[in-house]
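K.L.:
sequence unavailable; structure follows:
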């Protein structure tokens, strides 16, 4: 085989991870307190960023965090400019862009219902949602029962803060949101004492996973990433980090 052809073939056989000209990059889809608290363009704290940092450390790769809106985050993944994502729910469309790693790192998230304190009445159960305007967040799944219930009147918005503002202005009657995140937002000065959670929790169906972009130059690291993630789950690292926020 000619020397040049052999050299080109050797390059093609190199693992993609080592052909990357940038650090392993993880997108953070939002300021998803308390799990993700964004402090700047490339700085964030909370259990989810710490899980990503530990995962990168175990596969011996530098890590860059990139906060961005969900639409841009998915575009960065689709075009191979970002590699990892956390706190994004798996859907058939996203599975074309993102390969979700096994094992899952946590059980399905729970959802809660939030109403204005002035409108609080005796709790009637799930059925009290019928006839109410329920604020939801775009492209978010809550529970199999709720997601498939065509009797629910939904008012879809871009984020939970917008949903809470609709609640305060009377444009909706109920907000459904991730339970822990919703309680954190409800405790903020704008809503504290004005918004309360109803005594109902809806369990999600999908366990939480970390996603790896199919177009990533680090895609060949998938076996090592999954092995490292399995180790983090089995040795209690993930549980310890999540326990910081009571998850």
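P.N.:
Yep, it's here. Quantities reported herein were computed from a predicted structural model and do not represent experimental measurements.

K.L.:
any stretches of the chain with poor pLDDT?
P.N.:
Low-confidence segments of the chain (pLDDT under 70): 1-20, 41-42, 120, 122-123.

K.L.:
any idea which strand is longest in it?
P.N.:
Secondary structure of the chain per DSSP state E: the longest strand is strand 195-203.

K.L.:
buried stuff in it?
P.N.:
195-198, 202 (16 or more other Cβ atoms under 10 Å). For every residue, glycine as well, the C-beta is placed using N, CA and C.

K.L.:
now render these as CSV, adding distance to residue 98.
P.N.:
Shown next, in CSV, are those (distance: Cβ to Cβ, whole Å):
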residue, distance to residue 98
195, 33
196, 36
197, 31
198, 33
202, 25
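
K.L.:
and which of these is nearest to residue 23?
P.N.:
Compare each of the buried residues of strand 195-203 with residue 23 using Cβ to Cβ and the shortest gap goes to residue 202, at 37.9 Å.

K.L.:
wait, that closest one sits on residue 142?
P.N.:
Yes. With contacts counted by Cβ atoms under 8 Å, residue 202 reaches residue 142, the gap being 5.8 Å.

K.L.:
what do those two both touch?
P.N.:
111, 176 (Cβ atoms under 8 Å, 6 or more residues apart in numbering).

K.L.:
picking that back up, other residues contacting the helix or strand just after the longest strand of the chain?
P.N.:
Scanning forward in sequence from strand 195-203 by DSSP states H and E, the next helix or strand is strand 210-213. Contact partners of strand 210-213, identified using Cβ under 8 Å, 6+ apart, comprise 51-52, 55, 77-78, 80, 82-86, 88, 90, 94, 97-101, 105, 218-219, 221-222, 225, 229.

K.L.:
can you list the strands that strand 210-213 pairs with?
P.N.:
Using DSSP bridges, strand 210-213 pairs in its sheet with strand 84-86 (antiparallel), strand 98-100 (antiparallel).

K.L.:
name the element residue 113 belongs to?
P.N.:
Going by DSSP H and E, residue 113 is part of strand 110-116.
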